[in-house]
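In: just coords:
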């Protein structure tokens, strides 16, 4: 696992960073899992993961496609749920960029913008957990 940008942005005490690596191995209290609206791709609790909670983000419909509005709403929803749980840290994947086929650059801009606009009372840190140099570059540029 390689940290791409750490502590790169803090808005209203919310630290944003990018990590190229496995979201399930991160030292965070909650992780988000990209799923469709029937939760086909995510139906388990955190189990033995280091994270305490798994938040299932319904970013795709039954057709397994997504769009900018779904990426934005899913990001905002995951941030709100993490806040409601009292989590201090949350890791988010690049929603919709795998199976959903959504463009990485646009995803990064939307997700980083949503995190920057989020007003938190308990959430302190958001990690964008991505795979590969292209994704890391897109999220680093958005930060």
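Out: Arrived safely, thanks for sending. What you see is a predicted model, and the numbers here were worked out from it, not measured in a lab. Numbering: from 1, shown residues only.

In: tell me the strands in the chain, going along the chain?
Out: In the chain, the strands defined using DSSP state E lie at 2-11, 14-20, 30-36, 53-60, 89-92, 125-130.

In: Could you dump the ones you listed into CSV with mean pLDDT added?
Out: Formatted as CSV, the strands of the chain follow (pLDDT from 0 to 100):
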stretch, mean pLDDT
strand 2-11, 42
strand 14-20, 96
strand 30-36, 86
strand 53-60, 89
strand 89-92, 98
strand 125-130, 98
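
In: Please tabulate those in JSON lines, including the columns mean neighbour count and distance to residue 99.
Out: Backbone N, C-alpha and C define where each C-beta goes, glycine included. Listed next are the strands of the chain as JSON lines, based on neighbours: other C-beta atoms under 10 Å; distance: least, C-beta to C-beta, whole Å:
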{"stretch": "strand 2-11", "mean neighbour count": "13", "distance to residue 99": "23"}
{"stretch": "strand 14-20", "mean neighbour count": "21", "distance to residue 99": "19"}
{"stretch": "strand 30-36", "mean neighbour count": "23", "distance to residue 99": "8"}
{"stretch": "strand 53-60", "mean neighbour count": "23", "distance to residue 99": "7"}
{"stretch": "strand 89-92", "mean neighbour count": "26", "distance to residue 99": "16"}
{"stretch": "strand 125-130", "mean neighbour count": "25", "distance to residue 99": "15"}
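
In: now these as CSV including distance to residue 118?
Out: Shown next, in CSV, are the strands of the chain (distance: least, C-beta to C-beta, whole Å):
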stretch, distance to residue 118
strand 2-11, 8
strand 14-20, 7
strand 30-36, 13
strand 53-60, 14
strand 89-92, 10
strand 125-130, 8
